[in-house]
Structures are given as structure tokens and as C-alpha cells.
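# okay, here's the prediction I keep looking at, along with the sequence it came from:
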Amino acid sequence: METTLHRASERGHANHGWLDSYHSFSFANYFNPDRIHFGALRVLNDDTVAPGYGFGKHPHDNMEIVSIPLKGDLHHQDSTGRDKIIKQGDVQIMSAGSGITHSEKNANSDQEVKFLQIWVFPKEKNIEPRYDQKTFPIENRINNWQTVVAPDDPGAVWINQKAWFTLGKWSANYTQSYSLHAPHNGVYIFIISGEVEAGGNTLSHRDALGVWDTATIQLKALSEAEILMIEVPMNFN
């Protein structure tokens, strides 16, 4: 088993006033040659947007873009005609494909919105742009794995890649293993909150551990914890 440890304190950071963003990988003005991507995982931004503000309309192509609200409501509009509110418990994916424009704004005038924006390189390029959004009951991830993004699960949002996103909300001392879906995949373990033991490391709030060359990994919650597992191909070209 190979691992790479990414501490929360080592992430890139940009505070624009209306946007406070932490970058797990090189993004915008943050560049770290050792943190370009983890396999097909290209971006993991931990964003806080002030009330009434957001990202104006801008283009993307050939990227799978996943948004996971952690607090508050996110207003999404795009050139496919979608006009949706994304809430805590929802997961949204946009396959940019041959090209799409979209905007994301804080739908609330009285509170911040916090969300994870995650980009994954696609399996096939220049597909027709598409959008998917589902609500996932938070109680279904309590001391359990809840798959929210997958290429082969009708209960999850579909992704144009051999990638799986899984959430867990665990009690202290709960232990469970995670089995990878494909032999050449790795998994990026991102701690949303709490403290977790994995791969011989103690991971705290917003720490991450990339793991590959293994079929399974065991995790133990050292406190109440929320975990995001992002499984992606390590070789994707």
C-alpha cells in the first residue's frame, strides 16, 4: 500500500472577501508541483461564499464537476437550462463535456454557504454536457458507507469516469473497511470533520490521505466524524 498525506494546514488558501477558499491541489494562483492531482482527481476546493455572492457565469469543458454543500444553499444555473437550488444532503454533478457555462451563487441573503467543489478528469472527452442532482438522506450514512457518485449505481449521480464518491458519518470508535472498486484505482480520504485513523495516520478536520496499491483500507473514527472517500483511477490517460 502506498500513501500520501495532505494536512489541512498545507493547503493553498485564497481569501477574496466574498470567497474564502482552500485548495487541496494547485488551483488559480496557488501552485505546488507536488500537489497537481491525485490520479484523476484534479481539484478539491473547500469554499465558503458570503451571503448574496457567488461565481458569475463562466465556461468549462471536459471535466466532471461535483458540488457537495456542507452548510447553506447553493444556486446553480447553466447553459443546459438548469436552474436549481442545492442544499445540504444534496450532491450535484455537471459533466462539462464539449462545453458548458454555469454560475454558482449563495442562495441565502443571511448566511454563508459552505461547499466542496471537486473536479475529476473524464473517461470520455467531448460528450454531450449533462447534469444530475440527487438528495441523499444523511441518516443513511450514519455508521455506514453511502455512495453518492458512481458510474454504475442508479441510486447515485452518474459520473463519466470509473470513480466513486462515498460519504460516512460515524460515531466515535466505529470501525469499517473500504474496498476499492477497481484494481488500478486509488482513494483520497478527506476528513470533513472529527478525527479518524487510517493507514497508520491520525487525520483531523480537513486532513486527507491518498491511498493506492491496495484492495482495501480500514478506518476508525476516534471521535464523531464525517468522511468523504473519493476513489479514482490512478492512470487515466
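Looks like it arrived, so ask away.
# dig out what residue 86 forms beta bridges with.
residue 74 (DSSP bridges).
# residues in contact with it?
Going by CB atoms under 8 Å, 6 or more residues apart in numbering, residue 86 touches 67, 69, 73, 74, 75, 76, 92, 115, 133. Quick note: C-beta positions are derived from backbone N, CA and C, even for glycine.
# for the third one, give me the pLDDT.
Here, the pLDDT recorded for residue 73 equals 95.
# so how far is residue 40 from it?
With distances taken as CB to CB, to the nearest Å, residue 73 is found 29 Å from residue 40.
# the fourth one too?
Residue 74 sits at a distance of 24 Å from residue 40 (criterion: CB to CB).
# same thing with the second one?
Counting by CB to CB, the gap between residue 69 and residue 40 amounts to 23 Å.
# the more surrounded of residue 74 and residue 40?
A side-by-side neighbour count of residue 74 and residue 40, using other CB atoms under 10 Å, places residue 74 first with 27 against 24.
# what sits against the more buried one?
The contact partners of residue 74, taken as CB under 8 Å, 6+ apart, are 49, 67, 85, 86, 87, 104, 105, 106, 107, 113, 115.
# try 7 Å this time
Residue 74 sits next to 67, 86, 104, 106, 107, 113, 115 when contact means CB atoms under 7 Å, 6 or more residues apart in numbering.
# with residue 177 instead?
Taking CB under 7 Å, 6+ apart, we find residue 177 in contact with 216, 217, 218.
# check which helix or strand covers the last one.
It refers to residue 218. Assigned by DSSP states H and E, residue 218 falls within strand 216-221.
# what's the spacing between that strand and its chain's center?
Offset of strand 216-221 from its chain centre (CA atoms, centre = their mean, to the nearest Å): 19 Å.
# which SS state does the spatially most central residue of the chain fall under?
Nearest to the geometric centre of the chain sits residue 118, at 4.3 Å (CA atoms, centre = their mean). With DSSP: H, G, I helix; E, B strand; the rest coil as the basis, residue 118 sits in strand.
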